[in-house]
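Student: Here is a sequence together with a model predicted from it:
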Amino acid sequence: MAFNNAVNAKQQGTQYLSTTGTWTGVDGGSAGNVLTSNGTGVAPSFQAASAGTYYSLTPYIVGADVHSQFTTITAAIAQAVTDGASATTPANIYIKPGVYTENPALADGINLIGFSSDARVAGSHFSQPPPSPTTRPVVRITGQLTYSPTTGADSAASVTNITVHPTASNTHAVIFTADPAGLGTDYFSMNNCEMISTGTGSGLNLASGGNPNTYINNCYLNKLLDNSNGIFAANLCFVNGVSALNDSLGRVFNFCTLVGAVTIVNTNGPTEFYNCQLQSTISVGAGAGFAIYDCQLKGALTSSTLVNYGNVSFLGDAGIASASGGCVGLNQQFGNTILQQTRAGSGTTSISNQDFYIGNNNTAVGTFSLPNTSVAQGQVFILKDEAGNAGTNNLTLNVTGGVKTIDGAASKTITTNYGVLRVMYDGTNYFTW
């Protein structure tokens, strides 16, 4: 196809790009025509469209150069809507690298796609925050991006390869507000994006609404605020600030890193973490449930609802706390969770909730006190005489405050060299085996 300068034709079936860079009518606007080459020069000819619907890649290119049809994202969205874009007839808007100072409002069926030479955003859940967007060619919106779907119908929109960073203080970067009437299902996805807010603003704010479905993949955001009551899923994302998750039919995080504190209220459905790294405290309110599997948990967990665990590789120094008995049955689903910290002791040593194996390599007499609160049912502790001197200098294991017992006694003692004591907590007291 020899379009020459007409290669960037709008392909609406009525116009082509002339050598002067202007849109020129060709066939008077006949419906159902497709732009093709006549094989000579720059002027293309038209032929009738074959049976079925013809879809152009896009007539909407945003950029600062002569080859772009729009200089702002807002103008491209408005034109796409005028041309009939909807959830059933979507339109792609391609955006060239640059800084766009505006507040675009998405509409149903609009897919914003940015051009970028750098795909580093979140990477994996062990990654660090991405490079600064000011040092690489990306599409950067220095304003707020919003999406409020049409009332009463199914709707969908998406954003890909775009950084949103409003300069106004205390401003949310991206806001998704589902149809409050709940008459249709609203879908919104963000892929390979950065959402950076300022002050008290959130990178992504999911406002309350009817039936929202939100999906974010390989994204970086500094805060997450979820007040929606729909479905939410995050994959390979990095949340570098606090997360307030206040309502949901179901919320899932896969291979994500959450650096800041997480507060969760589950009045409609569970919140689940898989293969995630949780670096701060987690507070779970009363509701439908909470699950964490194959994760690294570095902060304290408090919960007022049932917590399901499996293969948690590390628990933070603050351990696990249960509010109102909500963690009853925690270890019934503990799986291969490892609570381990080797500690050498002399004198009196307090064993903390995250300890599993306590190795004493000191030759002096030692006393070790088991935790009295926030112990998970089924949790195990092992005390070992590594110095091989317990026959002379006994090692004593007791319970802090003397409230609980070990095999009905106040304490147990290792009196043989290289001896060991193993205890399990049944929810009330400790027992050896």
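Tutor: That came through fine.

Student: In contact with G388, which residues?
Tutor: Counting by CB atoms under 8 Å, 6 or more residues apart in numbering, G388 touches 417-418. C-beta: built from backbone N, CA, C; applies to glycine.

Student: Just the element for it, please.
Tutor: For G388, there is no helix or strand it lies in under DSSP states H and E.

Student: Look up the pLDDT of it for me, please.
Tutor: Looking at G388, its pLDDT reads 92.

Student: what ranges of the stretch 101-250 of the chain fall below the confidence cut-off?
Tutor: 117-136, 182 (pLDDT under 70).

Student: Quick one: the helices in it, in order.
Tutor: With DSSP state H, counting those that start in this stretch, there are no helices along the stretch 101-250 of the chain.

Student: what sits against V252?
Tutor: By CB under 8 Å, 6+ apart, the neighbours of V252 are 232-234, 271-274.

Student: That one: what secondary structure?
Tutor: strand (DSSP: H, G, I helix; E, B strand; the rest coil).

Student: pretty sure S369 is touching I358, no?
Tutor: No: S369 is beyond contact range of I358, at 10.8 Å (criterion: CB atoms under 8 Å).

Student: Quickly list what's touching both of the two.
Tutor: Common neighbours of S369 and I358 (CB under 8 Å, 6+ apart) are 349, 351.

Student: In terms of packing, which of the two has more residues around it?
Tutor: Using other CB atoms under 10 Å as the criterion, S369 and I358 rank with I358 on top: 25 against 17.

Student: Where does that one sit, in terms of helix or strand?
Tutor: Secondary structure (DSSP H and E) places I358 in strand 357-360.

Student: helix or strand right after that strand?
Tutor: strand 366-370.

Student: Let me see the residues that make contact with that following strand.
Tutor: Outside strand 366-370, the residues touching it (CB under 8 Å, 6+ apart) are 345-351, 358, 360, 381, 383, 393, 395-400, 404, 406, 423, 430.

Student: What subset of these is buried?
Tutor: Neighbour-count burial (16 or more other CB atoms under 10 Å) is assigned, among the contacts of strand 366-370, to 345, 349, 351, 358, 360, 381, 383, 393, 395-399, 404, 406, 423, 430.

Student: got the domain boundaries for this structure?
Tutor: With automatic domain parsing as the criterion, the domains of the chain are listed as 4-48, 61-260, 347-432.

Student: got CSV for these, with distance to L278 too?
Tutor: Below are the domains of the chain laid out as CSV (distance: least, CB to CB, whole Å):
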stretch, distance to L278
domain 4-48, 48
domain 61-260, 5
domain 347-432, 14
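
Student: so which of the ones you listed gets nearest Y293?
Tutor: Nearest to Y293 among the domains of the chain is domain 61-260; the distance by CB to CB comes to 10.3 Å.

Student: centre of the chain versus that closest one, how much separation?
Tutor: How far domain 61-260 lies from its chain's middle: 13 Å, per CA atoms, centre = their mean, to the nearest Å.

Student: For that domain, what is the spacing between the initial and final residues?
Tutor: 38 Å (CA to CA, to the nearest Å).

Student: most tightly surrounded among the domains of the chain?
Tutor: Each of these was scored by mean neighbour count; the highest is domain 61-260, a mean of 20, by mean count of other CB atoms under 10 Å.

Student: In contact with the residue nearest the centre of the chain, which residues?
Tutor: For the chain, A234 is the residue whose C-alpha lies nearest the centre (CA atoms, centre = their mean; 3.9 Å). For A234, the contacting residues are 215-217, 219, 252-254, 256, by CB under 8 Å, 6+ apart.

Student: among the residues you listed, which two are most distant?
Tutor: Counting by CB to CB, the most remote pair of the contacts of A234 is C219 and V252, 14.6 Å apart.

Student: Check what pLDDT Q354 gets.
Tutor: Predicted confidence (pLDDT) for Q354: 66.

Student: again, but for the one 10 residues further on
Tutor: According to the predicted model, the pLDDT of A364 comes to 85.

Student: tell me the SS of A76?
Tutor: A76 - assigned by three-state DSSP - is helix.

Student: Distance-wise, check it relative to I93.
Tutor: The gap separating A76 from I93 is 5 Å, by CB to CB, to the nearest Å.

Student: Which neighbours do those two have in common?
Tutor: In contact with both A76 and I93: 60, 62, using CB under 8 Å, 6+ apart.

Student: what sits against T101?
Tutor: T101 sits in contact with 142-143, where contact means CB under 8 Å, 6+ apart.

Student: dump the residue contacts of the residue lying closest to Y357 once chain neighbours are set aside.
Tutor: Of all residues beyond its chain neighbours, the one nearest Y357 is I382 (4.8 Å), with distances taken as CB to CB, 6 or more residues apart in numbering. For I382, the contact set (CB under 8 Å, 6+ apart) comprises 356-358, 420-423.

Student: of the residues you listed, closest to V242?
Tutor: Closest to V242, out of all of the contacts of I382 and judged by CB to CB, is F356, at 30.0 Å.

Student: is it true that that closest one touches F381?
Tutor: Yes: at 6.7 Å, F356 counts as touching F381 under the criterion of CB under 8 Å.

Student: mind checking how far L395 is from G184?
Tutor: Taking CB to CB, one finds L395 at 67 Å from G184.

Student: wait, I meant T263
Tutor: 30 Å.

Student: Check A364 too.
Tutor: With CB to CB as the criterion, A364 and G184 are 72 Å apart.

Student: Kindly report the same for L106.
Tutor: 16 Å.

Student: Poorly predicted segments of the stretch 251-400 of the chain, please.
Tutor: 313-347, 354, 374.

Student: do that again at 90, thanks
Tutor: 265-270, 277, 279-366, 371-380, 386-387, 400 (pLDDT under 90).

Student: Quick one: end-to-end length of stretch 156-164, please.
Tutor: End-to-end distance (CA to CA), stretch 156-164: 19 Å.

Student: Name the residues that touch that stretch?
Tutor: Counting by CB under 8 Å, 6+ apart, 87, 90, 95, 106-116, 119, 133, 138-141, 143-145, 147, 149, 173-174, 186-196 sit against stretch 156-164.

Student: and if you look at stretch 423-433?
Tutor: So stretch 423-433 is contacted by 328, 370, 375-382, 397, 399, 404-408, 412, 421-422 (CB under 8 Å, 6+ apart).
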